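Chemist: turn this into a structure:
(chains A and B)
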2 protein chains.
Amino acid sequence: MTAPKVNLERVSHADHPLHLPVGFRYAGIAAGLKESGKPDVALVVMDRGAVVAGVYTTNQIVAAPVIVCRQRTPQAAGHAIVVNSGNANACTGDQGMRDAREMTCDVARRLGCDEKQVFVMSTGVIGHPLPMDRVHAGIETAVGSLGESPGHFLAAADAICTTDLFRKVVSRTVDLNGCQVQIAAMAKGAGMIAPNMATMLGMILTDAPIGPDQAQQALRQIAKHSFNCVSVDGHTSTNDTLLLAASGLAPHGNRNQETLSEDQLRIWTEAATEVAIELAKMLVADGEGAARFFETRVRGAVSEADALVIAKAVGDSPLVKTAIAGADPNWGRIVSAAGYAGPAIEVSKTSLRIQGETVFEAGQPTHYNTKMLSEKMKETDEVILELSVGDGPGTASRWASDLTEAYVRFNSLYTT
Amino acid sequence: MTAPKVNLERVSHADHPLHLPVGFRYAGIAAGLKESGKPDVALVVMDRGAVVAGVYTTNQIVAAPVIVCRQRTPQAAGHAIVVNSGNANACTGDQGMRDAREMTCDVARRLGCDEKQVFVMSTGVIGHPLPMDRVHAGIETAVGSLGESPGHFLAAADAICTTDLFRKVVSRTVDLNGCQVQIAAMAKGAGMIAPNMATMLGMILTDAPIGPDQAQQALRQIAKHSFNCVSVDGHTSTNDTLLLAASGLAPHGNRNQETLSEDQLRIWTEAATEVAIELAKMLVADGEGAARFFETRVRGAVSEADALVIAKAVGDSPLVKTAIAGADPNWGRIVSAAGYAGPAIEVSKTSLRIQGETVFEAGQPTHYNTKMLSEKMKETDEVILELSVGDGPGTASRWASDLTEAYVRFNSLYTT
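Modeler: As a prediction, this is how the structure comes out:
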């Protein structure tokens, strides 16, 4: 089995012009939290304030920084986001809570704001206390190297990574009925990317004027249709965090008095969702050991929620994942995953297309050329599964990585 | 990574004396449904009748034989069970339904009973019509070779297998307050054992006098505490079937007028559950590519149902499975799987022991020797995880196989 090349056009934006929002400064530096010496402290500062919203892991075991952030979002007067990689500050008890708060206090002291205006994320090994001396020194260095340039933005994006094979940034300019705003976002990998570091972190930064409640509601929508559609290994991390910061300074650095109209907010949310979807797909494409990508598109379910559950069952099934890895159009596994997912399906109206080829129609197998279809699957790094389960209105898509021997090798290594 | 040897004492009973119930005859023959030429038609006949109960896959995509059996259980006058391997008769539409019924008609004609007294199971590839000429010839041969001996019983147990590495039979004699009854059971593998053949089939045969409703209720209890506690890859098959047939002829071949007392039924159910647990553990141990076995014991959950959901989340997590394969005491993965499972847990009362060693206590990591614990895990083929999630009354256990590169290799092969 050879791993098809990752589609670099999709996964790297380093050479594209960045559309950075007004009102943000960035830093990414190495503080010695990673043994490799790679950058591990990122700082994003909104000098003139920003609305900040957050969505977090649904795991009941949550890392200390998640607890701190949850208490502080949504809010109208966010001032900075500090991130460390190399240590998740998870399962670290009371000391972990003190350390997470101390990180925000340290940033607040240096920037002259209140600690409650500072947000914190961590990613890395679980169960080890943060080396706070290094963290403090790192924050000092980061504050000293803040800047607004694309280089500074990319440095921050690098510093939030753990074992990601490439940095993940997406940006664009959006026209909101005549008003130009910028959206720039960064993320780090999820799920399979590493033992003990199965965390997804993300930030969506914009200069659009959005109110706290608008921001929180929009962010939930965005996450639902992007990061929450990603299936790597179904293992929800203790640290997953996605923050949205909106400075409201577009287009020319003046604070807008009014927030977006309903129509503008809709356009903005659609654009931000597209940005988040691009990032989410990068996470999947970057899974250590992942060779091929597949998208499960479900339609005809009773509701959208049902469609999502079905798409998730297909994307999470190890038998489907290994079939995709082997370019095997093994429709029995896919159809039966839909059957055990839970939501009601109409078997006699269930059909499946793999890479455009109908392999199962109205509950019956079709005649197709297995070998040719397998060849078609081998040629792509993004297999499309179109699954119809009835004639209801529910549709949903979910992206997933395949399951390869390399994944298992990577995750079986002795690493605790 | 070396695969520890499967505990043969646990998984092979070929040399043990079989405790066969009164009132059953068996056959297992090769009808040419498998390309390998191995046995593929099994027949179990209850000449003097038997109560038959059944539990089936919860998948909505169900194979034709499951539909036929579901309509016929529980019933008081069962006469025969016919099984074919090599072809699942699943996703085969109307033709599949006709074929499944025809299999029972054929058996009924030859044995002189009604088709409704015959039960059918199939396992093998999905989506291909049964070669009915071979099936008919196979049934004829099977009827001609029926016998009561242990050899006949084992031949039937062999014929229901697909890619199982060893046959799975368990039997014992139970003393029901002075009345001796026999329980003999057979099963074939589940989940990871093969692409397209991820089916669990099982039969529990006994000469205890049990009524149809008693039998159905007991079988549900038995399945809940045995086969439903097994996690191989979480992929529920289209064909999963477990039948219970009770001839009521113990101890001396006379039909008992009375069914078991409540107390006797409790003893019988406990014994049958133990038998089923042994079979269920064999299924996990026989997973193609599985090297190590782990048992997740959850206690302190709000309810038994909650404990089961948590144990399932741990057993199904690919990150936990790969850690077990690598003998890595990666408690962060285990604790966080409990955290995302869904049921409420008390983080500050959550503790974990791996192979007797406390690695997480009251929500905090402990100090333990990682290297020594890994060595301990390497030495066993059955790792015990003891997870306490609060002080509720809910307890549950679940057995799972690890996730190895061999599993992925086996399931990625082009096989459709």
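Chemist: without its sequence neighbours, what residue ends up closest to A:Asn89?
Modeler: Of all residues not flanking A:Asn89 in the chain, A:Ser122 sits nearest, at 4.2 Å (CB to CB, 6 or more residues apart in numbering or on different chains). In this view, the C-beta of every residue, glycine as well, is placed from N, C-alpha and C.
Chemist: equivalent analysis for A:Arg398, please.
Modeler: Nearest non-adjacent residue to A:Arg398, counting by CB to CB, 6+ apart: A:Ala311, 3.7 Å away.
Chemist: Three-state assignment for the one you found, please.
Modeler: With DSSP: H, G, I helix; E, B strand; the rest coil as the basis, A:Ala311 sits in helix.
Chemist: so which bits of stretch A:314-327 are buried?
Modeler: Using 16 or more other CB atoms under 10 Å in any protein chain shown as the test for burial, stretch A:314-327 gives A:314-327.
Chemist: only the C-alpha atoms, please, for that stretch, written as CSV.
Modeler: Taking Å, rounded to 0.1, in the frame of the first residue of the first chain, the C-alpha atoms of stretch A:314-327 are listed here in CSV:
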residue,chain,number,x,y,z
VAL,A,314,-19.2,5.6,9.0
GLY,A,315,-16.2,7.9,9.6
ASP,A,316,-15.3,6.3,12.9
SER,A,317,-15.6,2.7,11.9
PRO,A,318,-12.2,1.0,11.9
LEU,A,319,-13.5,-1.5,9.3
VAL,A,320,-14.5,1.4,6.9
LYS,A,321,-11.2,3.2,7.6
THR,A,322,-9.0,0.2,6.9
ALA,A,323,-11.0,-0.4,3.7
ILE,A,324,-10.4,3.1,2.6
ALA,A,325,-6.7,2.7,3.3
GLY,A,326,-6.7,-0.4,1.1
ALA,A,327,-8.7,1.3,-1.7
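Chemist: contacting residues around A:Ala276?
Modeler: Going by CB atoms under 8 Å, 6 or more residues apart in numbering or on different chains, A:Ala276 touches A:185, A:202, A:204, A:222-223, A:225-227, A:242.
Chemist: in strands, which of those fall?
Modeler: A:185, A:202, A:204, A:242 (DSSP state E).
Chemist: who wins for neighbours among those residues?
Modeler: The residue in the ones in strands among the contacts of A:Ala276 with the most neighbours, by other CB atoms under 10 Å in any protein chain shown, is A:Ile204 (28 neighbours).
Chemist: so that residue bridges to which residues?
Modeler: Judged by DSSP bridges, the bridge partners of A:Ile204 are A:Ala185, A:Leu244.
Chemist: for A:Lys168, same thing?
Modeler: For A:Lys168, the beta-bridge partners are A:Ala187 (DSSP bridges).
Chemist: any buried residues in stretch A:207-217, and which?
Modeler: Going by neighbour count (16+ other CB under 10 Å), the buried part of stretch A:207-217 is A:207-212, A:214-217.
Chemist: coming back round to it: nearest to B:Ser303, of the contacts of A:Ala276?
Modeler: A:Ala223 (30.7 Å; CB to CB).
Chemist: how many neighbours does that closest one have?
Modeler: 22.
Chemist: would you agree it is in contact with A:Leu242?
Modeler: Yes: with contacts counted by CB atoms under 8 Å, A:Ala223 reaches A:Leu242, the gap being 5.6 Å.
Chemist: overlap in contacts of those two?
Modeler: A:55, A:276.
Chemist: follow-up on the earlier one: pLDDT for the contacts of A:Ala276 - can I get that in a markdown table?
Modeler: Converted to a markdown table, the contacts of A:Ala276 look like this (pLDDT from 0 to 100):
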| residue | pLDDT |
| --- | --- |
| A:Ala185 | 97 |
| A:Gly202 | 95 |
| A:Ile204 | 98 |
| A:Ile222 | 95 |
| A:Ala223 | 92 |
| A:His225 | 87 |
| A:Ser226 | 88 |
| A:Phe227 | 86 |
| A:Leu242 | 95 |
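Chemist: related to what we said a few turns ago, quick one: which of the ones in strands among the contacts of A:Ala276 is nearest chain B?
Modeler: A:Leu242 (16.4 Å; CB to the nearest CB).
Chemist: now that closest one: how far from A:Ala50?
Modeler: The span separating A:Leu242 from A:Ala50 equals 15 Å under the rule CB to CB, to the nearest Å.
Chemist: do I have it right that A:Thr358 meets A:Thr366?
Modeler: Yes: using CB under 8 Å, A:Thr358 makes contact with A:Thr366 at a distance of 5.4 Å.
Chemist: quick check: mean pLDDT across the lengthiest helix in chain A?
Modeler: In chain A, taking DSSP state H as the definition, the longest helix is helix A:262-285. What helix A:262-285 shows for mean pLDDT is 92.
Chemist: chain center to it, what's the gap?
Modeler: Relative to the centre of its chain, helix A:262-285 is centred 11 Å away, using CA atoms, centre = their mean, to the nearest Å.
Chemist: let me see the contact set for the residue in the stretch 151-300 of chain A that chain B sits nearest to.
Modeler: As assessed by CB to the nearest CB, chain B sits closest to A:Thr236 within the stretch 151-300 of chain A, at 3.8 Å. By CB under 8 Å, 6+ apart, the residues touching A:Thr236 are A:57-59, B:336, B:339-340.
Chemist: surely it forms part of a strand?
Modeler: No: read with three-state DSSP, A:Thr236 is coil and lies in no strand.
Chemist: in helices only, show me the buried residues of stretch A:314-327.
Modeler: Judged by DSSP H, helices contain the following of these: A:314-316, A:318-325.
Chemist: in the stretch 101-250 of chain A, what residue lies closest to chain B?
Modeler: A:Ile126 (3.4 Å).
Chemist: for that residue, which non-adjacent residue is spatially closest?
Modeler: B:Gly332 (3.4 Å).
Chemist: need the three-state assignment for that neighbour.
Modeler: B:Gly332 ends up helix, using three-state DSSP.
Chemist: repeat for A:Ala215
Modeler: Relying on three-state DSSP, one would call A:Ala215 helix.
Chemist: list the contacts for it?
Modeler: Applying CB under 8 Å, 6+ apart, the residues near A:Ala215 are A:51-53, A:74, A:244, A:246.
Chemist: rerun that using 10 Å as the cut-off
Modeler: Taking CB atoms under 10 Å, 6 or more residues apart in numbering or on different chains, we find A:Ala215 in contact with A:50-54, A:73-76, A:78, A:204, A:206, A:208, A:243-246, A:259, A:265.
Chemist: can you map out the strands along the stretch 301-416 of chain A?
Modeler: Taking DSSP state E, counting those that start in this stretch to define them, one finds strands in the stretch 301-416 of chain A at A:350-354, A:357-361, A:364-365, A:382-389, A:394-401.
Chemist: quick one: closest of those strands to A:Val107.
Modeler: Closest approach to A:Val107 among the strands of the stretch 301-416 of chain A (CB to CB): strand A:394-401, 34.4 Å.
Chemist: just the C-alphas of that closest one, formatted as PDB.
Modeler: Taking C-alpha atoms only, strand A:394-401 is exported to PDB below (Å, rounded to 0.1, in the frame of the first residue of the first chain):
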ATOM      1  CA  GLY A 394     -31.500  15.600   6.900                       C
ATOM      2  CA  THR A 395     -28.100  16.000   5.300                       C
ATOM      3  CA  ALA A 396     -24.600  16.100   6.700                       C
ATOM      4  CA  SER A 397     -21.000  15.700   5.700                       C
ATOM      5  CA  ARG A 398     -18.100  14.400   7.700                       C
ATOM      6  CA  TRP A 399     -14.400  14.100   6.900                       C
ATOM      7  CA  ALA A 400     -12.300  11.300   8.200                       C
ATOM      8  CA  SER A 401      -8.800   9.900   7.800                       C
END
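Chemist: relative to it, what are the paired strands and their orientations?
Modeler: Strand pairing (DSSP bridges) places strand A:394-401 next to strand A:230-231 (parallel), strand A:293-301 (antiparallel).
Chemist: now tabulate the ones you listed in CSV and tack on distance to B:Ala276, mean pLDDT and mean neighbour count.
Modeler: CSV is the format used below for the strands paired with strand A:394-401 (distance: least, CB to CB, whole Å; pLDDT from 0 to 100; neighbours: other CB atoms under 10 Å in any protein chain shown):
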stretch, distance to B:Ala276, mean pLDDT, mean neighbour count
strand A:230-231, 33, 70, 22
strand A:293-301, 35, 94, 24
